[in-house]
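J.: Fold the following, please.
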Amino acid sequence: MTFEKWRSEAKTELGRRGVDDDTAESLLQEARSYHQDSGLSATEALGEPAEFATDAAGPPDGRADTQNLTAAEHVLGAAATLVFLGFVVTAVRALFGADPQFIASPASLTGGTLLVTAGMLFVAGSDALRAAGRPRWATWCIPVSAVLLIAGVVLRARLPKNELFSLSAGPILLLLLLTGGLLAFFIVRERRQRQDPSEPEAWFAQLEGLLVGRHDLPRDRAADLAAEARAHIAAVGSDPQAEFGSLNSYAQSLADSLPDRSLPWWRRPGPSLVANLLFAAMGAVLLAGYWSDGETWRLILPIGMIVISGRLAFGAYRKL
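T.: Residues are numbered from 1 along each chain as shown. Now for the predicted structure:
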């Protein structure tokens, strides 16, 4: 391999790993001097271009992770979690609580709908929008979910509470089982349909969208990386899938090679730790209140809040 060919491939590999052009030129100039002094071939003196680039770029930031989920998987997963929690609470109340379990009224229907929507938006909204390539919209999910939460609480307290209909444990559990099965079907179908685009331009466009939405790269940096991948394919005359492999894996490798990549603030360890400690404290307050009232079946909710929030808070603390 001639040095110029080695240099071209090494520059491409450096770009994939997030090394800027000025730094790359400096590294390649040093490599040229070393190659000329060694009297060896480029590969013998400097190694393979990919190995050279990996050593020069340094290790990636291991804390900048990705959930590797599509927007639909975020939404379906959050809905499945809510259905599971509803099933557990309903089953526990069927054993220890009163019947009927649900009394529908204008207050409970309106307030409950807003509270569930707020929960879905808080849990899955931001990540789903980022996975869809809409990071600017994602920042509004948390304040909007807070407004819906407040509205749900207020309307549940202010609207009429006259009974419209009631449901016992059996129909509720059956409905939750059917809903859970339907969600499981869509989740499995979504994962099976996860196929890379066959057209090269669509492949590069989706690569840029993944880098921005799922992997938190600035849009101009993602566009540069996609352009470099496009130029490499044009130079070698190959297909992006054959050259780079899976689109998701390639986007992941590009993102992991950038040491300066930062997560959105709501996924950073500090805010995550504070939020989960607050949820655990809310669970402790509810636990004390339900225990003093003697409502045993209600204890499942605050206990679940404490366990889940405590586990997530511990994970965030370890990343600090």
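J.: which residue sits closest to Thr12, ignoring its sequence neighbours?
T.: In space, and not counting its chain neighbours, Thr12 is closest to His232: 5.3 Å by Cβ to Cβ, 6 or more residues apart in numbering. For the C-beta atoms, the positions are set from N, CA and C on the backbone; glycine is no exception.
J.: Extract the residue ranges of the stretch 101-250 of the chain that are flagged as low pLDDT.
T.: Regions of the stretch 101-250 of the chain meeting the criterion pLDDT under 70 cover residues 101, 133-136, 192-197, 213.
J.: okay, now the residue nearest to Thr12: neighbour count?
T.: A count of neighbours around His232, defined by other Cβ atoms under 10 Å, yields 19.
J.: per-residue confidence at the residue lying closest to Phe3 once chain neighbours are set aside?
T.: In this structure, Phe3 finds its nearest non-sequential neighbour in Ala42, 4.5 Å apart by Cβ to Cβ, 6+ apart. Ala42 carries a pLDDT value of 80.
J.: Equivalent analysis for Gly18, please.
T.: 56.
J.: follow-up on the earlier one: didn't the residue nearest to Thr12 look like it was pressed against Glu243?
T.: Yes. Look at His232 against Glu243 with Cβ atoms under 8 Å: they come within range, at 7.3 Å.
J.: Can you name the residues that contact Thr113?
T.: Gly152 (Cβ atoms under 8 Å, 6 or more residues apart in numbering).
J.: how many neighbours does Ala53 have?
T.: 23.
J.: in which helix or strand would I find it?
T.: helix 49-57 (DSSP states H and E).
J.: And for the chain, the residue most distant from the center?
T.: Gly39 (49.6 Å; Cα atoms, centre = their mean).
J.: From Ala45, how far off is that residue?
T.: 8 Å (Cβ to Cβ, to the nearest Å).
J.: from memory Ser166 sits against Ile103, does it?
T.: Yes. Using Cβ under 8 Å, Ser166 is in contact with Ile103, at 4.8 Å.
J.: Might one say that Thr12 is in contact with Glu228?
T.: Yes. The pair Thr12 and Glu228 qualifies as a contact (Cβ under 8 Å) at a distance of 6.4 Å.
J.: So between these two, which is more surrounded?
T.: More crowded of Thr12 and Glu228, by other Cβ under 10 Å: Thr12, with 19 against 16.
J.: Verify the assumption that the more buried one is located in a strand.
T.: No. Membership of Thr12 in a strand is not supported by DSSP: H, G, I helix; E, B strand; the rest coil, which gives helix.
J.: From Pro49, how far out is it?
T.: Counting by Cβ to Cβ, the gap from Thr12 to Pro49 is 8 Å.
J.: domain assignment for this structure?
T.: 3-57, 200-256, 268-320 (automatic domain parsing).
J.: could you dump those to JSON lines with distance to Ala146?
T.: Putting these into JSON lines (distance: least, Cβ to Cβ, whole Å) gives the following:
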{"stretch": "domain 3-57", "distance to Ala146": "35"}
{"stretch": "domain 200-256", "distance to Ala146": "23"}
{"stretch": "domain 268-320", "distance to Ala146": "12"}
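J.: Compare these and give me the one nearest Leu149.
T.: domain 268-320 (12.1 Å; Cβ to Cβ).
J.: What is the end-to-end distance of the closest one?
T.: Domain 268-320 has an end-to-end distance of 9 Å (Cα to Cα, to the nearest Å).
J.: Determine how far that domain lies from the middle of the whole chain.
T.: Domain 268-320 sits 22 Å away from the centroid of its parent chain (Cα atoms, centre = their mean, to the nearest Å).
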